[in-house]
Structures are given as C-alpha cells and as structure tokens.
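K.L.:
This is the structure alone, sequence omitted:
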Ligand code: KIV
Ligand code: ZN
C-alpha cells in the first residue's frame, strides 16, 4: 500500500445530513420512498456518511433509517441520538443492518441551552455525555459526539466537554455552530484550539457543522477545514432549519476549484451534483434560488455583452469551473438587452442560421447588423430573448438577406 506523503492532499469526508437536518426545513416531510431515492443518489454522489434520521423521534423515522441501513451500500449510515439511553438503543437497533454504522450522540454546550432547555448543570451535561458515548460504543466503534451551540458557549467548557467525550470513546467530534453565530475567524480559531489542545496525535476526526443564519455557513466550514477539520456536515442545496445548513455543493466545489489553496480533496463525484440538487428540490418542494452558487439556474449563465464576448473568445475570462463538471450543460448565454453583437451572432449560428452567407437566408454581416438593431429594440421591450424570438426575428428579416 502506498503511504501518504506530506504533499498528498488531505481527504475531507462529506457527511450528508439532508435526510436529518435538511428535513428539518419548515414544511418539508419526505416519505420513505423519497428518502430512499435520495439516499441511493447520495451513495452515487460518493458521500462518506449519510445521516439517515433520528430514530427515536417516530416509528416512521426509525423504519426509514432501518431501510436505508438495509438497502444502501457505500457510505456509512448514521443515526442521531440524544444522550438518553432510549435514544441510543433505538438508533443502534435502526442501524443493525448497515454494513458500516455510526451513532451520533448530541447534547448542548451553551449556557442558555444547558440552563433553559436541558435544565442541567454543566457537570451533569459532561456526565451524561460520557455515559452516552460509552453506551454507544457498545454498539459500534464509530461514535460521533456533538455539543450544540458551541459558538455561544464558554470555550473552556467546550474543550472540557469534548476531551471527556474522546476519553469515553468518541471517534469523531463535531463542532456545531447551531445558530449560525460565529464568524469564519472565530470558528476557525476554535477548531484550531480543539485540534491543538485535545485531538493532536489521537485517531479522532474533527467535524464541522454550520448553519447559515448570517450567510456564513460555507465560509465557516471552509475555515474549519483550514484549521484541521477533516469532515464537513452539509445538506444538498443547503436546506435545513431556519436559513439552512452548509451547502454540500458549495463546499465540495470550493475545495475542488481551490485545491491549490485548501490542499485537500473530497471523494465526491462532482458530475452527480446537479442531479442530486434537482432531485432534492423536486422531492422537498423547495425551489433553488436562481442565483444560488453551483446549482442555481443562473450559476453558469452569462448576461452582459462584455462577459459574453469574453467567454466566446476564451471561456476562462469569466468562468472558474466548467458547468459539465457539476453535471450541467455548458454555460449558456442569456440573450437580452445587455448582449453584444458577438453573442448575437453565436446564438444565430447555434440555431443553424449559418452566418457565412451560404444559408437560405444569406445572413451576411450587413443583415446581421440590421437584425441586431431589431434584436436590441425587442430586448428593451421584452427583457429576455428566447430561441423562438430569434427565429422569428430572422424569419421576419428574410427580405434583408435577399436585398
Ligand atoms: O445544529 C446542530 O447543532 C445539530 C446537532 C444535532 C449536531 O444539528
Ligand atoms: Zn444542525
């Protein structure tokens, strides 16, 4: 076996929680068949871990985690559990048929959650966490531990809590910014502290789990990677509680496109990204905003004349990645009032109206100039111009070509 060298990129594991945290999006409820369809597609995408559900919450969730455990092969299948014995036993039961299983035990780390939600003392939180991790380890040797809301917690307490969880047998420690409060610099610094003070030298993975309340989930997750995290928790299209979770497609493509910077790689088959995005949108009923990075309708569309001209001359003038790399069709030129002559000519050419004077319409440069003026007038009135509009323009202008 080849030993990794210090110049090999670090392998970042993608932990997909679309079916658990993602399903916590207001108004979303997936049935078993839909969850199974998504889980199979996540396996094709190449995620490392699928968090399939929270088995104690309902018989339906339990059944779904069991089915995914039975039927989906490839990724580790994970079930969520609070620190209560019943939760852990239920998760373990649901995961019984998985080829590789993980129990994800979570508690709270911030004062406000410990006092008002758990109604415990910090010492009791540590004690119940230790008991829970030990119990989970009786069922699997892959146990993840999380303390919710770390970014509003006392960091010294966070360090103590996680140190005890590792001593009790946690193999992955996940650092959730549950309410999306941290900045990239603060979050990265906490991850570095966890790495240096409690993980250094041990076979324990650091995981990042961010929410997007202030629009910083992707930046925070990447800051974590820069500071030692080797697992990113995320959801397809960034769906999830409130403003959602870190978007899978964003972190994966950031690491891929800027591998020079992150010196890391994931195991994701990026060409499956568009397919999974559309599937999740269709099954959850949550549309993707048009300007969403990577998967939005406009993510690879060029509108302005200057951009269109640049891309026609050399793709890299305005493209940092190929649309095909994420399973989409090549970048499109949106025809409208900002489009320039070069893009107009290209669009006519793509529609089969060869612009070299050899076609039926005889569109020479002069004819194109006339049509271009008409196109601009139409675009001013109509906004976006579609292929049929261009065809109509050419056909209505057929007499120009004959003159
Ligand atoms: O946001 C959060 O804290 C969570 C935990 C259960 C990990 O989703
Ligand atoms: Zn979460």
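P.N.:
Arrived safely. None of these values were measured; they are calculated from a predicted model. Numbering: from 1, shown residues only. Ligands and ions are numbered 1, 2, ... in the order given.

K.L.:
Residue 386: what's it in contact with?
P.N.:
Applying C-beta atoms under 8 Å, 6 or more residues apart in numbering to residue 386 gives the contacts residue 335. To be clear about C-beta, it is placed using only N, CA and C from the backbone, and glycine gets the same treatment.

K.L.:
May I ask which helix or strand encompasses residue 135?
P.N.:
Using DSSP states H and E, residue 135 falls within helix 122-137.

K.L.:
That should have said residue 14, apologies.
P.N.:
Secondary structure assignment for residue 14, by DSSP H and E: strand 13-16.

K.L.:
Tell me the helices and strands packed up against that strand.
P.N.:
strand 49-53, strand 231-234, helix 248-257 (3 or more C-beta pairs under 8 Å, 6 or more residues apart in numbering; DSSP states H and E).

K.L.:
Contacts (any at all) between ligand 1 and the helix holding residue 135?
P.N.:
No - judged by C-beta under 6 Å from any ligand atom, helix 122-137 and ligand 1 are separated, with a smallest distance of 13.0 Å.

K.L.:
List phi and psi for the nearest residue to residue 54 once chain neighbours are set aside.
P.N.:
In space, and not counting its chain neighbours, residue 54 is closest to residue 80: 4.2 Å by C-beta to C-beta, 6 or more residues apart in numbering. Backbone torsions for residue 80, taken as degrees, to the nearest 10, come to phi -90, psi 150.

K.L.:
Residue 80 - how many residues pack around it?
P.N.:
Using other C-beta atoms under 10 Å, residue 80 has 25 other residues around it.

K.L.:
Also residue 234?
P.N.:
Applying the criterion other C-beta under 10 Å, we find 30 residues in the vicinity of residue 234.

K.L.:
What of residue 378?
P.N.:
Using other C-beta under 10 Å, residue 378 has 18 neighbouring residues.

K.L.:
residues in contact with it?
P.N.:
385, 389, 393.

K.L.:
Looks like residue 13 contacts residue 233 (just checking).
P.N.:
No - counting by C-beta atoms under 8 Å, residue 13 stays clear of residue 233, with 9.6 Å between them.

K.L.:
residue ranges for the strands of the stretch 151-300 of the chain, please.
P.N.:
With DSSP state E, counting those that start in this stretch as the definition, the stretch 151-300 of the chain shows strands at residue ranges 172-177, 205-210, 231-234, 264-265.

K.L.:
what's the second one packed up against?
P.N.:
Just to be clear, that refers to strand 205-210. Packed on strand 205-210, when contacts are counted by 3+ C-beta pairs under 8 Å, 6+ apart, are strand 172-177, helix 184-194, helix 217-226, strand 231-234.

K.L.:
biggest helix in the protein, by residue count?
P.N.:
In the chain, with assignment by DSSP state H, the single longest helix is helix 365-382.

K.L.:
need the next SSE after that one, C-terminal direction.
P.N.:
Per DSSP H and E, the first helix or strand lying C-terminal to helix 365-382 is helix 387-396.

K.L.:
Flag every buried residue along that next one.
P.N.:
Residues of helix 387-396 classed as buried: 390, 393-394 (neighbour count, 16 or more other C-beta atoms under 10 Å).

K.L.:
Check stretch 106-114 too.
P.N.:
Of all the residues in stretch 106-114, those buried under the rule 16+ other C-beta under 10 Å are 106-110, 113-114.

K.L.:
from the middle of its chain, how far away would it be?
P.N.:
Counting by C-alpha atoms, centre = their mean, to the nearest Å, stretch 106-114 is centred 26 Å from the centre of its parent chain.

K.L.:
Could you give the separation of the longest strand seen in the chain from the chain centroid?
P.N.:
In the chain, ranked by residue count with DSSP state E as the criterion, the top strand is strand 101-108. Taking C-alpha atoms, centre = their mean, the mean C-alpha location of strand 101-108 is offset from the chain mean by 21 Å.
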